[in-house]
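Undergrad: got a sequence here, can you model it:
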Amino acid sequence: MDLQVKDPAVEIKRLQRCMNDLLSLVALPAIWSGNEPSQIIPIVLDALLGMLDLDFVYARFNDAADAGSPEILRVAASCRLTVPPSEISRTLRNWFKDEGQKLFPPVRNRLGDEDISLFPVPLGIHGEMGMIVAGSERTDFPSQTENLLLSVAANQATVGLHEAKLLTAQKQIAVDLDAQVVRSEERWRSVFENSAVGVALTDLNGRFIATNPVFQKMLGYAEDELQQLTLFEITHEEDVEQSRALIAELLAGKRQQFQIEKQYRRKDSGFVWAQNNVSIVPGTERVARFLMALSEDITQRKRSEEALARARSELAKVAQITSLGVLTASIAHEVNQPLSGIVTNASTCLRMLSANPPNIDGARETVRRTIRDGNRASDVITRLRALYSKKEPWPESMDLNEATREVTALSLSELQRSGVILRHEFADGLPPVVGDRIQLQQVILNLLRNAGDAMSTVHDRPRELLITTQPDGENEVRLSVKDAGVGFTPEAASKVFEAFYTTKSDGMGIGLSVSRSIIEAHQGRIWATSNDGPGCTFAFAIPCRPQGWADRETRINRADSSADAA
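TA: Now for the predicted structure:
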């Protein structure tokens, strides 16, 4: 029919109307934007009813859950059909039942007493969403233009239904997420408020977001006061750098969490020690990420550790004094020998000088021997003073072989009087170690004394004592003291390093405990094993450069250099 139009003016009007109708259909999404799927199809049907001068337009859906009713009918006010709308719906419903959902061309169908042209257009590519049916009494319906407009309208409706379905699903997901967040927040708030440890939430810059009552009480701040501060502002200045470095690793993904013991500054300017477990909590797009710190007040534990350290220090002093008492005879012998030599050499020198003629060469040699014996006595006193007067750790680089020789020089006379045969096997090229020379010598002295005591009742075999040094791994050195004594029972093996445990009738049980404390302070380990034959072996291993000790050595050397320069 469209191709038979002869009048150009009529054709121009028809094309203008077609363009206006197309624009109207394209603009429909702006009308139903944000509406539910059930509101989209009625809008399309109303537009088509007036736009194409139809008698009626009908829509049927395969999935009525989204569109509401499974069918919708719009009848024009000018419709000349004598059948009621319910009859139209029933007829089309039966027609769909007979024809199924297959696509078919326009048909003429009987409705009441009238024949009517029916034109179905699918919703979806293959009608998977349903069908729209336009009805008109005109026998030439649909024209080419009407066919185009009906297809565009169906396509617009299909797109609108898909978008509305997605929007509905998104809204439901948002509602579910909100509900989950609310439930999670309720559970979190319950745990947060009632936790037995301090809990703090901060943003990624360390500014406090929320804190629980335990955390507030620990620091003496109210929550609104903490929210004006950052985690770093209440951290002791000595711990700030480490805290920043660990949090940076956390944010960079190098860690999942970390633990740190540090001091917090309270509101009253005091400090509290806290064990902190810090982790980063990822949120959804609706919730920001933040840091969570679980903090436990360990101030009392720190005070107990400090008290224990002081007690160990006192025990170490007692052990030194006890060792001094035992070594008094040996020390007196060591000192008396050079003193006797000094007196003898001095008398000899005087006789040589009084001779006629004076024996100058002989007097010179006796003076040399006098000086030698004087230096020997001085060395003994110097070693003794260093061993029993120093308290604070003093890191220095040392040769463990040389430090061991100094200790054996003090103990040799006592060991020999007890019948002990002392041997040593020192490793050549042993790497130097950084540590407190006097403390390590105290450990060696304790091991020598214990070995000598363990062999005091041995009469059926030589009382041999062997000291060895050797590298242990790539960055450690080991010292072992092996005796041929009575050994120890398996039960005693696990207790020998405990304070006040002893198998001696006159022992205090603190020497080995103090030794363990000293070795652990040097980041090493100490142990005891039974020999294949008689006796046992005590040994310790320490790193050549314990973590932190080398820096202390550098600072001390700088201080000494500054003092010398001054």
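
Undergrad: how far off centre is stretch 165-179?
TA: Relative to the chain's own centre, stretch 165-179 is displaced by 35 Å; criterion: Cα atoms, centre = their mean, to the nearest Å.

Undergrad: for that stretch, what is the average pLDDT?
TA: Model confidence over stretch 165-179 averages 74 on the pLDDT scale.

Undergrad: can you check stretch 191-210 too?
TA: What stretch 191-210 shows for mean pLDDT is 85.

Undergrad: now stretch 73-82
TA: Averaging the model's pLDDT scores along stretch 73-82 yields 85.

Undergrad: first to last residue in that stretch, what's the distance?
TA: In stretch 73-82, first residue to last residue: 16 Å (Cα to Cα, to the nearest Å).

Undergrad: kindly state the pLDDT recorded for P338?
TA: Reading off the per-residue confidence, P338 sits at a pLDDT of 68.

Undergrad: same thing with V107?
TA: At V107 the predicted local distance difference test score is 82.

Undergrad: avg pLDDT for the host helix or strand of N375?
TA: In this structure, N375 sits in helix 360-389 according to DSSP states H and E. Rounded to a whole number, the mean pLDDT of helix 360-389 is 71.

Undergrad: low pLDDT regions in the stretch 451-566 of the chain?
TA: Low-confidence segments of the stretch 451-566 of the chain, defined by pLDDT under 70, span residues 494, 499-510, 548-566.

Undergrad: beta partners of the residue nearest to the spatial centre of the chain?
TA: In the chain, the centroid-proximal residue (Cα atoms, centre = their mean) is Q257; its distance is 2.1 Å. Beta-bridge partners of Q257, counted by DSSP bridges, are S279.

Undergrad: and for the one 4 residues further on?
TA: Taking DSSP bridges, one obtains Q275 as the residues bridged to E261.

Undergrad: what's the burial count for it?
TA: Neighbouring residues of E261 were enumerated by other Cβ atoms under 10 Å; the total is 13. The C-beta positions use only the backbone N, C-alpha and C, and glycine is treated the same way.

Undergrad: using the three-state scheme, assign the residue located most distally from the centre of the chain.
TA: Ranking residues of the chain by C-alpha distance from their mean position (Cα atoms, centre = their mean) puts N356 at the top, at 89.2 Å. Going by DSSP: H, G, I helix; E, B strand; the rest coil, the secondary structure assigned to N356 is coil.

Undergrad: neighbours of G429, just the number please.
TA: 5.

Undergrad: do the same with D483
TA: Here the neighbour count serves as a burial measure; for D483 (other Cβ under 10 Å) it reads 26.

Undergrad: and the residue nearest to it when sequence neighbours are not counted, what helix or strand is that in?
TA: Closest residue to D483 in three dimensions, ignoring its sequence neighbours and counting by Cβ to Cβ, 6 or more residues apart in numbering: A451, at 3.8 Å. Under the criterion DSSP H and E, the helix or strand holding A451 is helix 437-454.

Undergrad: who touches the next helix or strand along the chain from that helix?
TA: Proceeding C-terminally, helix 437-454 gives way to strand 463-471 as the next helix or strand, assigned by DSSP H and E. When contacts are taken as Cβ atoms under 8 Å, 6 or more residues apart in numbering, the neighbours of strand 463-471 outside the stretch itself are 400-401, 404, 408, 415, 418-427, 430-431, 448, 451-452, 455, 477-485.

Undergrad: which residues touch P122?
TA: The neighbourhood of P122, defined by Cβ under 8 Å, 6+ apart, consists of 103, 129-131, 154.

Undergrad: ok, the residue nearest to the centre of the chain - contacts?
TA: For Q257, the residues meeting the contact criterion (Cβ under 8 Å, 6+ apart) are 250, 277-280.

Undergrad: for my notes, please list those residues in CSV and give distance to A174 and pLDDT for each entry.
TA: Formatted as CSV, the entries for the contacts of Q257 read as follows, by distance: Cβ to Cβ, whole Å; pLDDT from 0 to 100:
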residue, distance to A174, pLDDT
L250, 30, 87
N277, 33, 87
V278, 32, 89
S279, 28, 87
I280, 25, 85
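
Undergrad: which of those tops the neighbour count?
TA: Neighbour counts for those, by other Cβ under 10 Å, peak at V278, which reaches 21 neighbours.

Undergrad: which stretches of the stretch 201-350 of the chain form helices?
TA: Counting by DSSP state H, counting those that start in this stretch, the stretch 201-350 of the chain has these helices, from start to end: 213-219, 223-226, 237-251, 299-354.

Undergrad: residue ranges with poor pLDDT in the stretch 251-400 of the chain?
TA: Residues of the stretch 251-400 of the chain that meet the criterion pLDDT under 70 lie in 283-289, 307-338, 376, 379-394.

Undergrad: let's see it at 80
TA: In the predicted model, the stretch 251-400 of the chain carries pLDDT under 80 at residues 281-289, 293-297, 300-346, 369-370, 372-395.

Undergrad: before we move on, back to that, next secondary structure element downstream of the helix holding N375?
TA: strand 395-398.

Undergrad: between the contacts of P122, which sits nearest A9?
TA: Proximity of these to A9 was ranked by Cβ to Cβ; the top entry is A154 with 31.2 Å.

Undergrad: contact partners for the closest one?
TA: Contact criterion Cβ under 8 Å, 6+ apart gives 121-123, 132 as the residues in contact with A154.

Undergrad: show me which of the residues you listed is closest to A174.
TA: In terms of Cβ to Cβ, no member of the contacts of A154 lies closer to A174 than L123, at 27.1 Å.

Undergrad: go ahead and confirm the closest one touches M129.
TA: Yes. Taking contacts as Cβ atoms under 8 Å, L123 lies within contact range of M129: 4.0 Å.

Undergrad: name the residues contacting each of the two.
TA: Common contact partners of L123 and M129 (Cβ under 8 Å, 6+ apart): 61, 158, 161.

Undergrad: who wins on neighbours among these?
TA: Each of the shared contacts of L123 and M129 was scored for neighbours by other Cβ under 10 Å, and L161 scores highest at 24 neighbours.

Undergrad: picking up where we left off before, could I get the contacts of Q257 as JSON lines with distance to M352?
TA: Written out in JSON lines, the entries for the contacts of Q257 read as follows (distance: Cβ to Cβ, whole Å):
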{"residue": "L250", "distance to M352": "82"}
{"residue": "N277", "distance to M352": "81"}
{"residue": "V278", "distance to M352": "81"}
{"residue": "S279", "distance to M352": "85"}
{"residue": "I280", "distance to M352": "87"}
